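[1] I would like the atomic coordinates for the input below:
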Amino acid sequence: MRTFALLAAVLLAAATLPAATTTKTDPTQAEIDKIVTTFAENEAAFARARENYTYRQSAKIQEMDEGGNPAGKWEVASDIVFSPEGKRTERVVRAPMATLQRIQMSPEDEQDLRNVLPFVLTSKDINNYHVRYLGRQQVDEVPCYVFAVKPKSMEPGKRYFQGEIWVDDRDLMIVKTYGRSTGILKKGTDQQFAKFETYREQIDGKYWFPIYTVANSVLHFQTGDVPIRQTVKYQDYKQFKSQSNITFGGEVTTPPEKPSTPPEKK
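    Reported below is the predicted structural model:
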């Protein structure tokens, strides 16, 4: 976003990392390398599978006044479809007139909304990122490996994710991301990209799909601070012509010794 610009993601208020789990030992470096390779392969398989799903994406961004009350607003609901070649198409189904006064959506914000908030780290992209193991933590009842990721280098026109990812230690897929979008900006532009938090849930008992992104923070522009709130919901996943809706809070089938429950929305 720029001044008179908005960020496609921002920090969830009071967001903190869950307490570390101490009941399991950390993997060796060789095991960590294998985990990274495997979850990137699984993410690649998920990215291919997602091309066979349609879903509805509902995004809302609100400016807040000095008293913390909602002021201007931007929102849009779109049906997302993919061609057999994997080309994404959006069909807008609802887009009220924006009433934002102090900020506006930038092209970078729109890219982030499409590609960075629902971050997928595939085997094709993994070599473009530094990936550092942080330890074991739980997302609700889901035991996870936690990694810090940041781009090794950036190209003009491309957007990247920087932050932490939580990888389910059973399925070896990303179940949560927490961080911010980044990229090379044109000189002289005043854009601020704060942190966001995205949760995934298992669909069809296999892949973990983004279901909810939330952000709540203050953007510090040269012209002044602008508090904002943002939510993005990804709903009604359907595979081909058969419906496969998300069940929020549903249970995930796991071996008895490893119960796994999708993370709850905050």
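[2] any idea of the mean pLDDT for the longest helix seen in the chain?
    When the chain is parsed with DSSP state H, its longest helix is helix 29-50. The pLDDT scores in helix 29-50 average 96.
[3] how far does that helix sit from the chain's center?
    17 Å (C-alpha atoms, centre = their mean, to the nearest Å).
[4] what residues of that helix count as buried?
    By neighbour count with 16 or more other C-beta atoms under 10 Å, helix 29-50 contains the buried residues 32, 35-36, 39-40, 42-44, 46-47, 50. C-beta coordinates here come from the backbone N, C-alpha and C atoms, glycine included.
[5] what does it contact?
    27, 82, 86, 120-126, 131, 133, 145, 147, 167, 171-174, 206-209 (C-beta atoms under 8 Å, 6 or more residues apart in numbering).
[6] quick check on those residues: which are buried?
    120-123, 125-126, 131, 133, 145, 147, 167, 171-174, 207-209.
[7] so of the residues you listed, which ones are in strands?
    Using DSSP state E, the subset of the buried ones among the contacts of helix 29-50 located in strands is 131, 133, 145, 147, 167, 174, 207-209.
[8] could you work out the most separated pair of those?
    Pairwise distances among these were taken by C-beta to C-beta; the largest, 24.7 Å, belongs to Tyr133 and Phe209.
[9] where are the low-confidence patches of the stretch 151-266 of the chain?
    240-266 (pLDDT under 70).
[10] try it again at 50.
    Scanning the stretch 151-266 of the chain for pLDDT under 50 picks out 242-266.
[11] how about the helices in it?
    Taking DSSP state H, counting those that start in this stretch, the stretch 151-266 of the chain contains no helices at all.
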